[in-house]
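Asker: Give the three-dimensional model of this entry:
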Amino acid sequence: MAGDVPDYPQRLHDAVVASVPRWIERITLLACEGQSIDRREAVKAVLSNVKTDTQAFVQDQLGVLLSTDVDQQRTNPLEVLRVSTRFATAALRDAGVPTPARDEFQQRLDPDDEYLLGPMSWIDLGEDVHEAGIEWGAWKAATVLTRRRAEGKLD
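Answerer: This is a model prediction of the structure:
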């Protein structure tokens, strides 16, 4: 991230970016469980590229989001992570891994997440990300509340 970014967004960015390779590998291989050796090996053969592409995407997109003023943010960091699963999805699809059944909530939450790879919460990426995510969320809420009070919009 560039510029003068407060500590909490920077800490979240750093924790998420560091966790991406481990997280995307784990969820991609989990999606291969019960598959033929050929399908698993096809996914493993491209996993290094999937991890690199996912991490680069998250680093860039999350950096842009977290560098944006909180009042201008139109999405959230978990959405960036959900979108980032497109590289793993493509690898699984190319290897012929069948998609699991998804319920209505899962389909509404992320229609493009065919393999249920996207995180539901920070803990999906690890304890360090969970902690940084909670801190960032509290910081963002406090920032917004402080601004609304200063504007006379809250008592």
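
Asker: for this protein, what helix or strand is lowest in average pLDDT?
Answerer: Least confident element among the helices and strands of the chain, by mean pLDDT, DSSP states H and E: helix 104-109 (a mean of 87).

Asker: which residues of the chain fall in helices?
Answerer: Ranges of helices within the chain are 7-31, 37-67, 77-84, 86-94, 104-109, 127-150, based on DSSP state H.

Asker: okay, those helices in CSV with distance to residue 118 and mean neighbour count next?
Answerer: Every residue, glycine included, has its C-beta placed from N, CA and C. Formatted as CSV, the helices of the chain follow (distance: least, CB to CB, whole Å; neighbours: other CB atoms under 10 Å):
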stretch, distance to residue 118, mean neighbour count
helix 7-31, 9, 19
helix 37-67, 12, 17
helix 77-84, 4, 20
helix 86-94, 10, 19
helix 104-109, 8, 11
helix 127-150, 14, 15
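
Asker: among the ones you listed, which gets the worst mean confidence?
Answerer: Lowest mean pLDDT within the helices of the chain: helix 104-109, at a mean of 87.

Asker: How far does that helix sit from its chain's centre?
Answerer: Helix 104-109 sits 17 Å away from the centroid of its parent chain (CA atoms, centre = their mean, to the nearest Å).

Asker: cool, and stretch 145-155?
Answerer: 31 Å.
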